[in-house]
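Q: predicted coordinates and the sequence they were generated for:
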Amino acid sequence: MQPALERRYLAKRVTGLKPSGIRKFFDIAATMKDVISLGIGEPDFTTPKPILDAGQHALSMGETHYTSNAGLLELRQALADHLKKLYGVEYDPVNEIIITVGVSEALYLTMTALLDPGDEVIIPTPCFVSYQAEVILAGGVPVEIPSRLEDNFQLDPEQVRAAITPRTKLIFVGYPNNPTGAVAGRDTLNEVAKIAEERGLLLVSDEIYDRLVYDFQHVCIPSLGESIQKRTVLLGGFSKDYAMTGWRIGYAAGPAEIIKGLVRIHQYTIMSAPTVAQYAALEALRSGEPHVQEMLAEYDRRRRLIVDGLNRLGLTTFEPRGAFYAFPLITASGMDDEVFAEKLLREEHVAVVPGNAFGPGGEGFVRCCYATAYDLIGEALHRMEKFMSRYG
């Protein structure tokens, strides 16, 4: 669309969105050969065979029609059982769970259902690039509170408290964190939950990486207490834990009155999540645990390789305890994160994402995803060593 037509026809909330800082570097990498990508946040594993077989079986049985708007009841029941077993939280599968097209749709539905124009959402940063965008598209105002390397990118409850205004409607939390790999401790989350209760705010918790934690016990926010669960929308999915990104299957769980609002939007925009993917997700819950543990062990092996390697190069990297990202500080190179990422890509054919793409607090860092093969990570570190020998 020509600039004049864009200004005339596109909504201001759309033209005001800044382009994804991730996309730029993928577009450059696509024109190059022999690029090792540490950029894309996607498992390099193929979906485990029992899950693939379940999807194929569903097709062969003619399961190609709509499900109920909220998703297969059998899947919702299995998910409710799964969350109870893992975290001790109970959800009514009929009224308190909706199956969505990935956690991305769950995020969109939640923000659209909860926000009126001008409502403020407190968002700790650095964070996944969609959070602020979905708030803006829903008419809300993101209020960013940056975390710091010195605190291992932990959420600071006092910053949360200071950011609250009469327009604040909810606090958004995303741990384990993309892009930093940080996790939030129970004491910190308890304090944030206490603030939400005191001020009558809602909590939205994106826990898509809940099973990918290392030497740490993930804390599911709704498990902090019944009163917290009643004011929390839990977002999750199957993409990361079960290597099912392309299946596009996620969920939201929360109070029935709120989930009813999500279903109302979902029925007009989506109808229902892909039926075949729902049957595959059901099998993931039934038999996927050994595969989750196998992938987790391999991610841990890669984590140790990349963190040790980056620190050895003088790129200070704290130990990520969740997800599959390392977030090194690149000031030793003498460059800002944009220049570092572009030079590294063009000169050594290694793709990383500049930290400023993830909001305040990300400046001066780059995101390196270790959901790629161990040997490729080793080669990427070798290329980065040559790069730092010139600039470090």
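A: Thanks, I have it.
Q: around Gln77, how many other residues sit close by?
A: Neighbour count of Gln77, defined by other CB atoms under 10 Å: 17. Every residue, glycine included, has its C-beta placed from N, CA and C.
Q: look up how far Ala341 lies from it.
A: 45 Å (CB to CB, to the nearest Å).
Q: go on, Gly140?
A: Taken as CB to CB, the span from Gly140 to Ala341 is 30 Å.
Q: between those two, which one's more packed in?
A: Ala341 (27 against 23).
Q: in the stretch 51-200 of the chain, which spans are helices?
A: Secondary structure of the stretch 51-200 of the chain (DSSP state H, counting those that start in this stretch): helices located at 73-87, 102-114, 130-137, 157-163, 186-199.
Q: quick one, helices of the stretch 201-350 of the chain?
A: Using DSSP H, counting those that start in this stretch, helices in the stretch 201-350 of the chain cover 226-229, 256-269, 275-287, 289-312, 337-348.
Q: pLDDT (mean, whole number) over the third one?
A: Confidence for helix 275-287, expressed as mean pLDDT, is 98.
Q: now do it against helix 102-114, angle only.
A: Interaxial angle, helix 275-287 versus helix 102-114 (axes from the mean of the first three to the mean of the last three CA atoms, to 10 degrees): 110 degrees.
Q: pull the helix or strand with minimum mean pLDDT from this protein.
A: The helix or strand of the chain with the poorest confidence is helix 21-29; it has a mean of 70 (mean pLDDT, DSSP states H and E).
Q: what pairs with the helix or strand following that one, parallel or antiparallel?
A: Where DSSP states H and E defines the elements, the next helix or strand beyond helix 21-29 is strand 36-37. Note on strand 36-37: by DSSP bridges, its sheet partners are strand 350-351 (parallel).
Q: now the strand it pairs with: how far from the chain's centre is it?
A: 21 Å (CA atoms, centre = their mean, to the nearest Å).
Q: for stretch 316-329, same thing?
A: Worked out by CA atoms, centre = their mean, stretch 316-329 lies 15 Å from the chain centre.
Q: pLDDT averaged over that stretch - what is it?
A: Here the average pLDDT along stretch 316-329 is 97.
Q: now stretch 110-122
A: 98.
Q: buried ones in stretch 346-364, by neighbour count?
A: The neighbour-count check on stretch 346-364 (16 or more other CB atoms under 10 Å) flags 348-359, 361-362, 364 as buried.
Q: format the CA atom coordinates belonging to it as PDB.
A: Only the C-alpha atoms of stretch 346-364 are listed here, as PDB (Å, rounded to 0.1, in the frame of the first residue of the first chain):
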ATOM      1  CA  ARG A 346      26.700 -10.100   7.400                       C
ATOM      2  CA  GLU A 347      30.300 -10.900   8.300                       C
ATOM      3  CA  GLU A 348      30.000 -14.300  10.000                       C
ATOM      4  CA  HIS A 349      26.600 -15.500   8.900                       C
ATOM      5  CA  VAL A 350      25.200 -16.000  12.400                       C
ATOM      6  CA  ALA A 351      21.700 -14.700  13.100                       C
ATOM      7  CA  VAL A 352      20.800 -13.300  16.500                       C
ATOM      8  CA  VAL A 353      18.100 -10.800  17.500                       C
ATOM      9  CA  PRO A 354      18.900  -7.400  19.000                       C
ATOM     10  CA  GLY A 355      17.700  -7.000  22.500                       C
ATOM     11  CA  ASN A 356      15.900  -3.700  21.900                       C
ATOM     12  CA  ALA A 357      13.300  -5.700  19.900                       C
ATOM     13  CA  PHE A 358      12.000  -6.900  23.200                       C
ATOM     14  CA  GLY A 359      11.400  -3.600  24.900                       C
ATOM     15  CA  PRO A 360      13.100  -1.400  27.500                       C
ATOM     16  CA  GLY A 361      15.900  -3.200  29.300                       C
ATOM     17  CA  GLY A 362      16.800  -5.200  26.200                       C
ATOM     18  CA  GLU A 363      19.200  -2.500  24.800                       C
ATOM     19  CA  GLY A 364      22.800  -3.700  24.700                       C
END
